[in-house]
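A.B. asks: Any chance you can model this:
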Amino acid sequence: MSKTILISGGSGKLGVIMINHLLKQNNTVVTTCKTKKSKLNLEKKFKKYNNMFYVFLSDFNKKNSCKNLVREIIKKKLYPQLLINNARSLDNLNSKNNFQISREQFVGEFQVDVIAPYELSIALVHEKKISLKRIVNIGSIYGLVAANPSLYKNTNANSYLHYGVAKAALGHLTKELAILLAKKNILVNCIAFGGFKGRANKRFIENYKSLCPLNRMLTENDLLGPIDFFLSDQSSGITGQTLAVDGGWTIW
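C.D. replies: Model prediction:
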């Protein structure tokens, strides 16, 4: 049966892939983005899915953003049964290195990666018209292990300490929400993804491959299988868990 699925942060690379996949499965997809430009781009990209795709503007760094979002969703008579917490903000990741992270960037990252998933989940749970069944948090390998400096050698790229700390907190939030919502039969899980191919330069890709047992970065196909699993009844006995989808990155 088709479902109504809310995906926060739909304008990014992973968000667009998930939206496309879930719409093709005949689901109704509700998503968020931060700017009017992103909203227009998403609506244009998926315009053929009339009455199945909805985009709402929401800035998760702002107070009451989640409550306001749920209120707007209800006004459109949309009642999500499944939630994917996928939003992130690149604005918080513009430090030159791990030693120059401002308080504002640290707090901003934590707000988007941890507080917003919590507030959005709870806001949906407390809405009487909504019967939420699944919550999937999109995490990262950097929530499981620290960044390996060898990955960034000669790449002009950096790792960000506050990103990893926030993703680690998201993993623990997953456990706490799983316990809190178990009596309501809501399953809460997290997927810690490794790096995806597409934006990295050649040097970065080669470094990544040398540090990964499968000797490659992740692809679109690696994203969709775990998402489908956690949204389906096949995962009905699993809650509070973080699944590492990383080509083996975190096992050595």
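A.B. asks: buried stuff in the longest helix seen in the chain?
C.D. replies: Under DSSP state H, the helix in the chain containing the largest number of residues is helix 161-181. By 16 or more other C-beta atoms under 10 Å, the buried positions in helix 161-181 come out as 161-171, 173-175, 177-178, 181. Where C-beta positions appear, they are placed from N, C-alpha and C, glycine not excepted.
A.B. asks: Past the helix or strand containing residue 207, which element shows up next along the chain?
C.D. replies: Using DSSP states H and E, residue 207 maps to helix 202-211. As assigned by DSSP H and E, the chain's next helix or strand after helix 202-211 is helix 220-231.
A.B. asks: Just checking: what are the partner strands of the next helix or strand after that next one?
C.D. replies: Elements were assigned by DSSP H and E; along the chain past helix 220-231, the next helix or strand is strand 242-245. Using DSSP bridges, strand 242-245 pairs in its sheet with strand 187-193 (parallel).
A.B. asks: The partner strand relative to helix 161-181, how many degrees between them?
C.D. replies: 160 degrees (axes from the mean of the first three to the mean of the last three C-alpha atoms, to 10 degrees).
A.B. asks: Identify all contacting residues around strand 187-193.
C.D. replies: For strand 187-193, the surrounding residues in contact (C-beta atoms under 8 Å, 6 or more residues apart in numbering) are 14, 121, 133-141, 143-144, 167, 170-171, 174, 177-178, 181, 218, 222-223, 226-227, 230, 235-236, 238-246, 250.
A.B. asks: Let's see it as PDB, backbone CA atoms only.
C.D. replies: Written as PDB, here are the backbone C-alpha positions of strand 187-193 (Å, rounded to 0.1, in the frame of the first residue of the first chain):
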ATOM      1  CA  LEU A 187       9.900   2.100  15.500                       C
ATOM      2  CA  VAL A 188      13.000   4.400  15.400                       C
ATOM      3  CA  ASN A 189      16.200   3.500  13.700                       C
ATOM      4  CA  CYS A 190      19.300   5.200  12.300                       C
ATOM      5  CA  ILE A 191      21.400   4.600   9.200                       C
ATOM      6  CA  ALA A 192      25.100   5.600   9.400                       C
ATOM      7  CA  PHE A 193      26.100   6.100   5.800                       C
END
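A.B. asks: and that strand, how far out from the chain's middle?
C.D. replies: 9 Å (C-alpha atoms, centre = their mean, to the nearest Å).
A.B. asks: now swap in stretch 36-47 and tell me
C.D. replies: Offset of stretch 36-47 from its chain centre (C-alpha atoms, centre = their mean): 19 Å.
A.B. asks: Report the buried residues of that stretch.
C.D. replies: So for stretch 36-47, counting by 16+ other C-beta under 10 Å, buried means 38-39, 42, 46.
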